[in-house]
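Colleague: The following block contains a protein sequence and its predicted model.
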Amino acid sequence: MTNSVAQGQPIPLLVDLHTDALYEHIRGRKDITQRSDKGHLDFPRMKEGGVNGQVFAIWVSPTELKPGEYCDFVLKGADTFDEVCARCPDLVTPALTPDEFRQTTAAGRIAAVLGVEGGHALEGNLENIDRFFERGVRALTITWCNSNELGDSSGDDNKPNNGLSRLGRQAIRRMNEIGMIADVSHSADKTVFDILDTSTSPVIASHSGIRARRDFNRNLTDEQIRAIAAHDGVIGVVFLPYFLRDREADASIEDVIDCIDHICQLVGPDHAALGSDFDGFGGALPGLEDVTKMGAIGTGLRQQRFPEADIAGILGLNFVRVWDAVRARASTT
């Protein structure tokens, strides 16, 4: 899978599976079309950092919004996504398919993919999956820190659904049918396995840590990593210091490299990716202070003597492969 410009020169991918920058823009706390020092990410800084593929999440806050407002917030967020991309047509283009993703990056622009964080955004109505898809949403994080009608969250001690609910299984099947990527980050342990048991397409963990390195319920166990890999999925390693170290002040880019290496040693390099969670947390991870530093990951992997083909996969091709598979499965359903 090669991205190239007309002259035949390869365009390396540098893809991030999760940022909350669009949410910050929607809330009026920053303008992602303009370079600034607010948060971690905006379009100009993405260009500077070489990031040419980005999943922008519309986070549906269950505390700032009321039930009944969730779906409309996503639809209005999709309008905002289209508007900010239209303001920077030479820089960013929405990608609705893997082919559009490849074409955009080959043309030297940032391919922007729209996601939704939190299955409660569906408000218990599976028809909203199709509404979101029609508005450009291509990935759905099944839970956030709260459990919802679809399944249990890792952040909920009560676990009211005992994993993925019946409605959640129906949601996964519908996502498979239309080609929407299921994201297991934030899901409770049993929910993750239930999603994998239900889905006929690969899944992603868009922004997760490794529990073997930091014992925290938001991080993935080795068993979960093996199961995601067995379904040909990918895991985006998160940059949030608290997910990387017990003492977050000690966290740095080296922990991200180590988490990638852990995945590669456990299940192979085809299942590792990047999932920064930029603008979803305060502060900064040393070595990855903002999106302009993303190229340092490739440098770090080379210093660890990773083969170039493996690095290319980790930095972007693995995600595109998964999206290809999700779309191919939908086209045969």
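Modeller: Yep, it's here. Residues are numbered from 1 along each chain as shown.

Colleague: residue boundaries of the strands in the stretch 151-300 of the chain?
Modeller: With DSSP state E, counting those that start in this stretch as the criterion, the stretch 151-300 of the chain has strands at 181-183, 204-208, 234-237, 272-274.

Colleague: Show me where the protein has its helices.
Modeller: Here the chain has its helices, by DSSP state H, at 21-26, 43-49, 70-87, 98-106, 127-134, 166-178, 189-198, 222-230, 241-244, 253-267, 295-303, 308-312, 318-331.

Colleague: Quick check: which ranges of the chain have low pLDDT?
Modeller: Scanning the chain for pLDDT under 70 picks out the ranges 1-10, 333.

Colleague: so what's residue 242 up against?
Modeller: Applying CB atoms under 8 Å, 6 or more residues apart in numbering to residue 242 gives the contacts 216, 248, 251, 281. C-betas here are computed from N, CA, C, even on glycine.

Colleague: hmm, 10 Å instead?
Modeller: By CB atoms under 10 Å, 6 or more residues apart in numbering, the contact set of residue 242 is 209, 214, 216, 218, 248, 251, 281, 283.

Colleague: how about a markdown table for the residues you listed, with distance to residue 37 added?
Modeller: A markdown table is the format used below for the contacts of residue 242 (distance: CB to CB, whole Å):
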| residue | distance to residue 37 |
| --- | --- |
| 209 | 27 |
| 214 | 29 |
| 216 | 30 |
| 218 | 28 |
| 248 | 22 |
| 251 | 21 |
| 281 | 16 |
| 283 | 14 |
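
Colleague: Selecting buried members of those in ChimeraX, what would you type?
Modeller: Buried subset of the contacts of residue 242, written as a ChimeraX selection, criterion 16 or more other CB atoms under 10 Å:
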select :209,214,218,248,251,281
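
Colleague: from the contacts of residue 242, which single one is nearest residue 19?
Modeller: Set against residue 19, the nearest of the contacts of residue 242 by CB to CB is residue 281 (10.8 Å).

Colleague: Okay, now stretch 31-48: how far is its last residue from its first?
Modeller: This stretch, stretch 31-48, spans 17 Å end to end (CA to CA, to the nearest Å).

Colleague: One more: stretch 226-238?
Modeller: End to end - CA to CA - stretch 226-238 spans 18 Å.

Colleague: buried residues in it?
Modeller: Neighbour-count burial for stretch 226-238, with 16+ other CB under 10 Å as criterion, is recorded at 227-229, 231, 233-238.

Colleague: How about residue 29: what's its closest non-neighbour residue?
Modeller: Leaving aside its sequence neighbours, residue 29 sits nearest to residue 38 (CB to CB, 6 or more residues apart in numbering; 7.2 Å).

Colleague: Distance of that neighbour relative to residue 27?
Modeller: Here the criterion is CB to CB, to the nearest Å. By it, residue 38 lies 12 Å from residue 27.

Colleague: likewise residue 193?
Modeller: To residue 27, residue 193 is 34 Å away according to CB to CB.

Colleague: what about the residue nearest to residue 29, how many neighbours?
Modeller: Using other CB atoms under 10 Å, the number of residues around residue 38 comes to 15.
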